[in-house]
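Participant: the sequence and its predicted three-dimensional model are supplied below.
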2 protein chains.
Amino acid sequence: MSQTVDRALSILPLLAEGPADLGQVAERLGVHKSTALRLLRTLHEHGLVYRQSDQRYRLGARLFALAQEAVENLDIREIAHPHLVRLNEQCGHTVHLAVHEEGEVLYIDKVESRYPVRMYSRIGKPVAITVAAVAKLLLADLPEPERRALAEKLDYPMYTARSIPNAPAFLKELATVREQGWATDLGGHEESINCVGAPIRGTDGRVVAAMSVSAPNVVVTADELLTLLPLVRRTADAISREYSGTGNTPVKEGSS
Amino acid sequence: MSQTVDRALSILPLLAEGPADLGQVAERLGVHKSTALRLLRTLHEHGLVYRQSDQRYRLGARLFALAQEAVENLDIREIAHPHLVRLNEQCGHTVHLAVHEEGEVLYIDKVESRYPVRMYSRIGKPVAITVAAVAKLLLADLPEPERRALAEKLDYPMYTARSIPNAPAFLKELATVREQGWATDLGGHEESINCVGAPIRGTDGRVVAAMSVSAPNVVVTADELLTLLPLVRRTADAISREYSGTGNTPVKEGSS
DNA sequence: CTCAGGTATTGCATTATGTGCAACGCTCAT
DNA sequence: ATGAGCGTTGCACATAATGCAATACCTGAG
């Protein structure tokens, strides 16, 4: 749509691979060096690109700032967080919150097992979309054609023997999840890790986010973990209610 | 430099404040709606902007991916990480790694106390540049005029009674740090938290990064923390040596 | 110290590109 | 139904981005 902006933005993923000098950038963009220079300069002014001491360019700090702010402003996250913490206090395990966005599933919050520290360690990293409980929940809610199209497009890496192997199996699993209103991942991503998850719904009943509890089976068996299902679902429902209830104007409660 | 790109990029910080619709974006950019639309579309195609169900725009997932890749490709970080982990195993406290970039100081790695998981929770958040030990180390190495200019430009928020209050005090502190080759933050940011840090230097002897160990004084007193200084410095030096490749002892300050 | 070879940078004319306008279409609420 | 509000499209115009070629800068070699 906008050629100039398009070119400029194409520089970012290119630099994400590693630092590059002006010539390399120009070449990979297919434009004259002077053009690349001006684009880089504009990116630089906005802090998205940084010029290191050897004159090569790399991605800049503002990028982190933006990503950080973006994640902090997600209102589902803000609403859900206290609930996640409470759940963690009750069961002691790791709690995840995730959303779906354009074919990707993204963790947006995490309460660490026995250690109540927010961390975004996996943000931006591709979630194991074909096996994670939260991914199943989010994709199960897509309209049929979209769901099918996405399922066909995915790769199905066999992380473990219990990973979901292909599109038909995945669609079948999604149907089950959709039906029962909750999901599991029993060693499908890492042999020894199990998860149970439940969906969070907006006013219209559509799934807007998903949460899950994960634990290694050296701590609790899969069966024991399933015991937590009612608790997880209750938490998810509580979040759903609060999310649909108050509308979108965030109410601030004092707490520093 | 490039007006179109400039406008497009100006949208990002705007959206970082929260979702906005087309009209709002157009207004805040001072352009017509059709123009804003095309810019947003281009940003959207690159995944930097996401269109949520109510048609408003927000920052997109690719932003996280880029920030993630960028931080993972920092070679100092890659080299330093195992050293930081080892240090954490030895002392048990939180270990930070930070770099300086255009007047900002940025955490690029962190090993959490007693829990050896990489987390980027504070990446992108403005570090308390006037008090953090790592910030002092990084700024102390700037050439005199630049250092002075930056010091004048900074704000000096009084996080605690022991925060550095103004530019002259800060410059004095930097001189000390430069002199002694290590830095502390004793309750300057949070009343009960102390840090000790040491610089990591490149081949040319310039400071390329800084690391620190932090602990609340309910766990160890400031004096006890200072006991770790030799260990911290040894770790920093080991990283410096590996980073420079050559394996020489890092050059101390001196005349050219 | 000069010189060569490379890269970054600047000024300028040319026109491709982005712009604003106004008309159209859609959705939702009354 | 009806209209208000917002997003979207097509088009004519001129701004603003482009490529070129010439210049400045740096580094390493002679």
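Facilitator: That came through fine.

Participant: quick check: residues of the stretch 151-256 of chain A near chain B?
Facilitator: Residues of the stretch 151-256 of chain A found near chain B (CB under 8 Å from any CB of the partner chain) are A:R206. Every C-beta, even on glycine, is put in place using the N, C-alpha and C of the backbone.

Participant: nearest residue to A:T160 in space, please, no chain neighbours.
Facilitator: Nearest in space to A:T160, with sequence neighbours left out and distances taken as CB to CB, 6 or more residues apart in numbering or on different chains, is A:E191 at 4.9 Å.

Participant: could you pick out the residues of the stretch 51-200 of chain A near DNA strand C for me?
Facilitator: A:Q55 (CB under 7 Å from any atom of the strand).

Participant: for the stretch 51-200 of chain A, what spans make up the helices?
Facilitator: For the stretch 51-200 of chain A, applying DSSP state H, counting those that start in this stretch gives helices covering A:62-73, A:75-91, A:133-140, A:144-153, A:167-180.

Participant: from those, which stretch is densest packed?
Facilitator: helix A:133-140 (a mean of 28; mean count of other CB atoms under 10 Å in any protein chain shown).

Participant: which outside residues touch that helix?
Facilitator: Helix A:133-140 is contacted by residues A:96-100, A:105, A:107, A:127-129, A:147, A:150-151, A:173-175, A:177-178, A:182-185, A:195-199, A:207, A:209-212 when judged by CB atoms under 8 Å, 6 or more residues apart in numbering or on different chains.

Participant: quick check: PyMOL command selecting the buried ones in the residues you listed.
Facilitator: Command for PyMOL, covering only those of the contacts of helix A:133-140 found buried under the criterion 16 or more other CB atoms under 10 Å in any protein chain shown:
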select buried, chain A and resi 96+97+98+99+100+105+107+127+128+129+147+150+151+173+174+177+178+182+183+184+185+195+196+197+198+199+207+209+210+211+212
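
Participant: and the helices of the stretch 51-200 of chain A as CSV, adding distance to A:E242 and mean pLDDT?
Facilitator: Shown next, in CSV, are the helices of the stretch 51-200 of chain A (distance: least, CB to CB, whole Å; pLDDT from 0 to 100):
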stretch, distance to A:E242, mean pLDDT
helix A:62-73, 17, 80
helix A:75-91, 5, 88
helix A:133-140, 18, 95
helix A:144-153, 27, 89
helix A:167-180, 23, 95
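
Participant: B:L231: which of those is closest?
Facilitator: helix A:62-73 (29.1 Å; CB to CB).

Participant: was I right to think A:L229 contacts A:G197?
Facilitator: No: the criterion here is CB atoms under 8 Å, and A:L229 misses it with A:G197 at 9.4 Å.

Participant: shared neighbours of those two, which are they?
Facilitator: A:W182.

Participant: what's the helix or strand of chain A with the lowest mean pLDDT packed up against?
Facilitator: Sorting the helices and strands of chain A by mean pLDDT, DSSP states H and E puts helix A:62-73 at the bottom, at a mean of 80. When contacts are defined as 3 or more CB pairs under 8 Å, 6 or more residues apart in numbering or on different chains; DSSP states H and E, helix A:62-73 sits against helix B:3-16, strand B:57-59, helix B:62-72.

Participant: so where's chain A shaky on pLDDT?
Facilitator: Within chain A, the stretches with pLDDT under 70 are A:114-126, A:245-256.

Participant: mind saving the C-alpha coords of the least confident helix or strand of chain A as PDB?
Facilitator: Extracted in PDB, the C-alpha atoms of helix A:62-73 (Å, rounded to 0.1, in the frame of the first residue of the first chain):
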ATOM      1  CA  ARG A  62      12.600   1.500  21.600                       C
ATOM      2  CA  LEU A  63      11.400  -1.800  20.200                       C
ATOM      3  CA  PHE A  64      11.600  -3.300  23.600                       C
ATOM      4  CA  ALA A  65       9.800  -0.400  25.100                       C
ATOM      5  CA  LEU A  66       7.000  -0.700  22.700                       C
ATOM      6  CA  ALA A  67       6.600  -4.400  23.100                       C
ATOM      7  CA  GLN A  68       6.600  -3.900  26.900                       C
ATOM      8  CA  GLU A  69       4.000  -1.200  26.800                       C
ATOM      9  CA  ALA A  70       1.900  -3.100  24.400                       C
ATOM     10  CA  VAL A  71       1.800  -6.200  26.600                       C
ATOM     11  CA  GLU A  72       1.000  -4.100  29.700                       C
ATOM     12  CA  ASN A  73      -1.900  -2.400  28.000                       C
END
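
Participant: show me what the residue nearest the centre of chain A is bridged to.
Facilitator: The centroid of chain A falls nearest to A:L106 when counting by CA atoms, centre = their mean (0.7 Å). On the basis of DSSP bridges, A:L106 is bridged to A:V99.

Participant: and A:L228, what is it in contact with?
Facilitator: A:C91, A:H93, A:V196, A:V213 are the contacts of A:L228 under CB under 8 Å, 6+ apart.

Participant: closest to B:L74 out of those residues?
Facilitator: Closest to B:L74, out of all of the contacts of A:L228 and judged by CB to CB, is A:H93, at 32.2 Å.

Participant: what helix or strand is the nearest residue to the closest one once chain neighbours are set aside on?
Facilitator: Leaving aside its chain neighbours, A:H93 sits nearest to A:A215 (4.3 Å; criterion: CB to CB, 6+ apart). For A:A215, the element it lies in under DSSP states H and E is strand A:207-216.
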